[in-house]
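Undergrad: 3D, please:
(one chain, ligands or ions: 1)
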Amino acid sequence: MDRIRINGGKELHGTIPISGAKNAALPLMTASLLTDETLILDNVPRLADVAQLQRILGNHGVDIMAAGKRAGDSEYQGQTLHISAKNIIDTTAPYELVSKMRASFWVIAPLIARMGEAKVSLPGGCAIGTRPVDLLIMALEKLGAAIAIDGGYVLARAPQGLRGAAIAFPKVTVSGTHVALMAATLARGTTVIDNAAREPEIVDVADCLNKMGAHIAGAGTSRIVVEGVARLGGARHTVLPDRIETGTYAMAVAMTGGDVMLAGARPELLQAALDVLVEAGATVTPTNEGIRIARNGSGIAPVEVTTAPFPGFPTDLQAQLMALMTRARGTSHITETIFENRFMHVQELARFGARIQLDGETATIQGVEALRGAPVMATDLRASVSLVIAGLAAEGETMVNRIYHLDRGFERLEEKLSGCGAVIERITG
Ligand code: UD1
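TA: Next up, the predicted model:
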């Protein structure tokens, strides 16, 4: 199993190219199931989760061709995928495939909308209630699907097709909004989605669906209106830059000190996180090329942060911010409101000498003078990268084990960081 070894204490200087957003690429690829024409996606990141979704789509009969590099393409250029769901040969998404990645459950929406039926394993072997999909099911039922749950599978049927409906989410859900949006594009009549998620990835998917012939208005606000159409066609779309990768490297630079250009990053995608970084003492400068982030000399100031749906501070940057705050001059508080138990990194950060206390959904972080390198274990995607950030600033050697979580969401992490002077390497096997 691969590991990452870091010798901490080096400042970061240089340029880090930002990849396409995983959380947009996955629903965009899923949307290809809505049409029998080819969807071309540019700037798709090379990630384990993308490869996994390719396998899942392949199981439904989707052809995917990854175009080779063109002259002038940079080494970091995302891949171009030509995705054709001309013939859907199977409307079942089996447990073996869906259990590896929660977002693969979302195929249920285009399958029911286009084929009138779908049988999709509940994600990750979890029952509704613990890691719920209840709101996704509620949305599909509102659109007229008959839903049954049997043997760990969700069976959805709408032989006469879906029909437009009013869907009001009791809480903001990204997955629920994606599913409602995709399904509503092919429903008869008008769908109004209230309390919709406003994440930039929702807007990116809506833009692509509109290019495919959908009639969606209001994406990016909490009310989305969809006029259903009889069919969708092919389109070409470029995946937007990854705001979580951007924020992660910004936190890494704030942690180590230095001066880095995050090339291709867009500040409006993560303003709340950039504001927190400025409060913590970093200098953030938006330029034509991307976002320049620097911290010179000054220490790290403590902050008070609560995660919230977009445009609030993203839960996917909570662990990284906590790593940064372990070295602040003073005490910080971070409150997690989106996911329960999303504090698995706390125990591992303690191995570096961090002082963190948990009380319900709030972590109190007392900054320490220095961290010391340690062997640590990656637990989930965002938690793992917080350990890398801590390792970059810690004295001595850090070994991050079980890094397959990192490969799910961060493209060429060690290359991007070593290109800026970090001493970091992957040890294979
Ligand atoms: C997406 C992102 C993930 C991010 C999260 C919140 C992708 C692939 N993943 O996850 O990186 O951390 O948004 O920004 O885009 N919930 C229910 N019932 C449901 C669905 C969700 O109660 O049917 C709850 C969840 O348990 C959670 C909250 O709603 O507490 C938000 O979940 P949601 O926004 O749906 O997250 P994901 O789309 O799974």
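Undergrad: any idea how far the ligand is from the residue lying closest to residue 49 once chain neighbours are set aside?
TA: What sits nearest to residue 49 in space, not counting adjacent residues and going by CB to CB, 6 or more residues apart in numbering, is residue 408, at 4.8 Å. In short, each C-beta sits where N, CA and C put it, glycine included. Using CB to the nearest ligand atom, to the nearest Å, residue 408 is found at 10 Å from the ligand.
Undergrad: Let me see the ranges of the helices in the stretch 1-150 of the chain.
TA: 22-31, 48-59, 95-98, 108-115, 134-142 (DSSP state H, counting those that start in this stretch).
Undergrad: Dump those into a markdown table; add mean neighbour count, distance to the ligand and mean pLDDT as well.
TA: Below are the helices of the stretch 1-150 of the chain laid out as a markdown table (neighbours: other CB atoms under 10 Å; distance: least, CB to the nearest ligand atom, whole Å; pLDDT from 0 to 100):
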| stretch | mean neighbour count | distance to the ligand | mean pLDDT |
| --- | --- | --- | --- |
| helix 22-31 | 26 | 3 | 98 |
| helix 48-59 | 19 | 8 | 96 |
| helix 95-98 | 18 | 13 | 91 |
| helix 108-115 | 27 | 12 | 98 |
| helix 134-142 | 20 | 3 | 97 |
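Undergrad: Mind putting the ones you listed into a markdown table with distance to residue 348?
TA: Shown next, in a markdown table, are these (distance: least, CB to CB, whole Å):
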| stretch | distance to residue 348 |
| --- | --- |
| helix 22-31 | 22 |
| helix 48-59 | 21 |
| helix 95-98 | 28 |
| helix 108-115 | 34 |
| helix 134-142 | 31 |
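Undergrad: Now do the same contact list for the residue nearest to residue 383 when sequence neighbours are not counted.
TA: Nearest non-adjacent residue to residue 383, counting by CB to CB, 6+ apart: residue 345, 3.8 Å away. Residue 345 is in contact with 319, 322, 323, 379, 383, 386, 387, counting by CB atoms under 8 Å, 6 or more residues apart in numbering.
Undergrad: Check the offset of the helix or strand containing residue 345 from the chain's centre.
TA: Assigned by DSSP states H and E, residue 345 belongs to helix 344-350. Its chain's average C-alpha position is 21 Å from that of helix 344-350, according to CA atoms, centre = their mean, to the nearest Å.
Undergrad: got the contact list for the very next helix or strand once past it?
TA: Next helix or strand after helix 344-350 toward the C-terminus (DSSP H and E): strand 355-359. Strand 355-359 is contacted from outside by 322, 326, 343, 346, 349, 350, 363, 364, 365, 366, 367, 368, using CB under 8 Å, 6+ apart.
Undergrad: Which of these are buried, as a PyMOL select command?
TA: What follows is the PyMOL syntax for the buried subset of the contacts of strand 355-359, where burial is set by 16 or more other CB atoms under 10 Å:
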select buried, resi 322+326+343+346+349+363+365+367
